[in-house]
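Asker: Turn this into a structure:
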Amino acid sequence: MTAFPIESNALILKNAGIRMALVCLVAASVGLSVAIISIGKVLLVVTLSLVLLRGNRAASSRAALQEILTPLLATIVALVFIVSLLWTSAPLNSALGAVGKYGKFLLIPALLVLVQTRREAAYALAFFLGAQFFLLLGSWGLYFHVPVPWATSNMATTAYAVFSSYLDQGIMSAVAAAVFWHLRSLAPNRFLLWVAILASVLALGCVFIVFTGRTGHLVGVAVLSLAIFFALPRKYRLASLLVPPLMLMVVFFSFDKVAQRFLVVKSEISSHSAKFDPQSSSGVRLNLWKTSVEAIVERPLMGSGVGSWVTEYNRIEKLKNPLHPSLGAQSHGNPHQEFLLWGVQLGVGGILLLFAFGGAVLLDLRKMEPPIARAGQSVLLALAVSCLFNSSLYDAYIGDFFCVSLGVLLAYGFHSREASRGGVAVGVVQYLKNEDRLIKT
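Answerer: Here you go, the predicted model:
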């Protein structure tokens with residue numbers, strides 16, 4: 001009679017081990033290659049489907065989906081893009097490809113369903129941070145011309161990016177610096193505390209010394225400014241409004257790469273205004289943004305549907321210049337600005353939906369303990385800044401990074417909060433039992 005329960009428990013433990021192995025793989029994959037990210041996502045989706053079909057979600061997972069707004073908004077985002085297939089002006093293959101790109105939002109509710117305890121969330125967070133530390137060491141190794149055999153990026157020897165581009169890794173390094181710094185207080189011992197501080201310093205060094213990505217520089221300034229804001233006493237926080245411009249000046253005059261890149265921006269914008277060099281990086285962006293605004297103005301309510309940006313860009317440019325090549329925008333595929341991209345595809349409501357998603361994340365983070373809340377808010381700020389100059393959620397590598405980092409932090413923060421609630425409840429019950437025992441004696 002006892003054999004069946006023992007076998008059932010063994011099966012449960014085995015399934016939990018497989019589930020957590022996949023969660024940890026996904027958490028670590030965003031610091032590794034695109035191939036590993038893709039494999040991890042596919043396996044995670046399969047595992048989530050099996051968990052949902054079997055109906056054996058833990059009570060904590062159901063509570064997470066009910067009490068946290070972010071998984072709901074992430075699911076709504078994915079569904080809205082799917083529904084927009086009904087009116088998209090894009091070819092079907094392009095539209096379906098774009099739907100797949102926005103499917104990465106489902107990683108957030110998937111992680112919250114599959115991570116069911118604080119201990120499991122701690123493992124996922126540890127794998128995420130470990131992979132980011134591994135990525136930082138690889139970039140520094142390339143910078144000092146140390147052989148890094150696992151570096152697969154075509155920019156490995158020239159821009160010191162290990163798996164992706166210097167743009168992606170610059171932004172990721174800035175985020176890693178903030179997360180390591182704010183979570184250092186959670187380190188279980190002094191050694192890991194100093195490792196977290198070292199990782200934060202190495203990550204900032206990657207941002208301002210190793211990589212040349214201007215968006216990464218701005219994200220680095222933003223997360224540094226936010227860290228100073230959190231460190232200041234409340235009565236001085238109004239003065240923290242001066243911190244971002246001061247930090248930008250300090251970084252500009254302290255790091256040659258930063259100064260050179262921002263001087264290039266100034267030169268490119270001047271040339272574009274004078275119609276001297278419209279093909280510069282800044283000039284191309286300004287032209288893409290202008291055309292995107294025109295597309296939004298034409299269809300402000302529902303947009304042109306998922307994956308329609310290239311189609312709409314080419315259509316508008318052909319109206320201006322019939323000789324405009326039909327594939328001219330294919331080398332970009334997006335306007336390098338996430339808010340405008342959503343506006344073209346979903347209208348003004350799409351832009352509001354993106355703001356709503358960010359607001360949901362912020363509200364959820366503010367309910368959690370300070371280290372997690374501050375780390376998560378730094379990730380959210382980094383996402384907002386990077387979306388101003390790139391289509392960071394649309395792009396594969398960096399978009400997966402942001403979704404997984406938010407999912408892991410939300411899972412850890414939620415389960416830590418639930419554990420604290422449980423601890424208080426247990427303490428109250430124990431106190432009442434002791435009182436009752438004393439009264440009886």
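
Asker: Please, which helix or strand holds V404?
Answerer: helix 396-440 (DSSP states H and E).

Asker: Quick one: mean pLDDT over that helix.
Answerer: Mean per-residue pLDDT for helix 396-440: 69.

Asker: what do you get for stretch 110-128?
Answerer: On average, stretch 110-128 scores 93.

Asker: Could you list the buried residues of it?
Answerer: For stretch 110-128, a neighbour-count test (16 or more other CB atoms under 10 Å) marks 110-118, 120-128 as buried. The way it works is simple: take the backbone N, C-alpha and C, and place the C-beta from them, glycine included.

Asker: Quick one: distance of stretch 72-91 to the chain centre.
Answerer: Relative to the centre of its chain, stretch 72-91 is centred 20 Å away, using CA atoms, centre = their mean, to the nearest Å.

Asker: tell me the secondary structure for F357?
Answerer: helix (DSSP: H, G, I helix; E, B strand; the rest coil).

Asker: With adjacent residues omitted, what lies nearest to it?
Answerer: Distance criterion CB to CB, 6 or more residues apart in numbering; nearest residue to F357, sequence neighbours excluded, is L73 at 4.6 Å.

Asker: what's the one you found in contact with, if anything?
Answerer: 356-357, 360-361 (CB atoms under 8 Å, 6 or more residues apart in numbering).

Asker: I'd like the mean pLDDT over the helix or strand where it lies, please.
Answerer: Here L73 sits within helix 70-83, counting by DSSP H and E. The average pLDDT within helix 70-83 is 95.

Asker: Show me which positions of the helix or strand hosting L319 end up buried.
Answerer: Using DSSP H and E, L319 falls within helix 309-320. Buried residues in helix 309-320, defined by neighbour count with 16+ other CB under 10 Å: 309-317.

Asker: Return the member of these nearest to Q337.
Answerer: W309 (10.4 Å; CB to CB).

Asker: Nearest spatial neighbour of that closest one, chain-adjacent residues omitted?
Answerer: V344 (5.0 Å).

Asker: Quick check: that neighbour touching T291?
Answerer: No: assessed by CB atoms under 8 Å, V344 is found out of contact with T291, at 9.1 Å.

Asker: Common neighbours of these two, please.
Answerer: By CB under 8 Å, 6+ apart, the residues touching both V344 and T291 are P335.

Asker: Of the two, which one has the most company?
Answerer: Using other CB atoms under 10 Å, the more surrounded residue of V344 and T291 is V344, with 29 against 22.

Asker: Packing partners of the host helix or strand of D168?
Answerer: Taking DSSP H and E as the criterion, D168 maps to helix 166-182. For helix 166-182, the elements it packs on are helix 118-143, helix 190-205, helix 214-231, helix 370-389, helix 396-440, judged by 3 or more CB pairs under 8 Å, 6 or more residues apart in numbering; DSSP states H and E.

Asker: got TSV for those, with distance to N154 too?
Answerer: Formatted as TSV, the helices and strands packed on helix 166-182 follow (distance: least, CB to CB, whole Å):
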stretch	distance to N154
helix 118-143	13
helix 190-205	23
helix 214-231	18
helix 370-389	22
helix 396-440	13
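
Asker: Mind checking those for the one nearest to G97?
Answerer: helix 396-440 (10.7 Å).

Asker: How many residues are close by P71?
Answerer: 24.

Asker: Apart from its chain neighbours, what residue comes closest to it?
Answerer: Using CB to CB, 6+ apart and skipping the chain neighbours, the partner closest in space to P71 is P109 (3.6 Å).

Asker: same question, L136
Answerer: L202 (4.9 Å).

Asker: Q132 now?
Answerer: A176 (4.3 Å).

Asker: My read is that the one you found contacts G130, right?
Answerer: No: the pair A176 and G130 does not pass the contact test of CB under 8 Å, sitting 11.2 Å apart.

Asker: Settle it for me: which of these two has more neighbours?
Answerer: A176 (31 against 15).

Asker: show me what contacts the more buried one?
Answerer: So A176 contacts 129, 132-133, 135-136, 199-200, 203 (CB under 8 Å, 6+ apart).

Asker: coming back round to it: show me what counts as buried in the helix holding L73.
Answerer: For helix 70-83, using 16+ other CB under 10 Å, the buried residues are 70-71, 73-74, 77-78, 80-81.

Asker: returning to that earlier point: look up how far T88 lies from the residue nearest to Q132.
Answerer: 36 Å (CB to CB, to the nearest Å).

Asker: What of S304?
Answerer: For S304, the distance to T88 - CB to CB - is 7 Å.

Asker: who touches both of those two?
Answerer: With CB under 8 Å, 6+ apart as the test, S304 and T88 both reach Q345.

Asker: Which residue is the nearest non-sequential neighbour of I351?
Answerer: G343 (4.8 Å).

Asker: quick one: contacts for the one you found?
Answerer: Applying CB under 8 Å, 6+ apart to G343 gives the contacts 292, 295-296, 303, 350-351.

Asker: Redo the residues you listed as JSON lines? Include neighbour count and pLDDT.
Answerer: Listed next are these as JSON lines, based on neighbours: other CB atoms under 10 Å; pLDDT from 0 to 100:
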{"residue": "S292", "neighbour count": "23", "pLDDT": "92"}
{"residue": "A295", "neighbour count": "25", "pLDDT": "94"}
{"residue": "I296", "neighbour count": "23", "pLDDT": "95"}
{"residue": "G303", "neighbour count": "27", "pLDDT": "94"}
{"residue": "G350", "neighbour count": "24", "pLDDT": "96"}
{"residue": "I351", "neighbour count": "20", "pLDDT": "96"}
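
Asker: Looking at these, which is nearest Q337?
Answerer: S292 (7.0 Å).

Asker: State the next helix or strand along the chain beyond the helix or strand bottoming out on mean pLDDT in the chain.
Answerer: For the chain, using mean pLDDT, DSSP states H and E, the weakest element among its helices and strands is helix 256-273, scoring a mean of 53. Next along the chain after helix 256-273, taking DSSP H and E as the criterion, comes helix 281-298.
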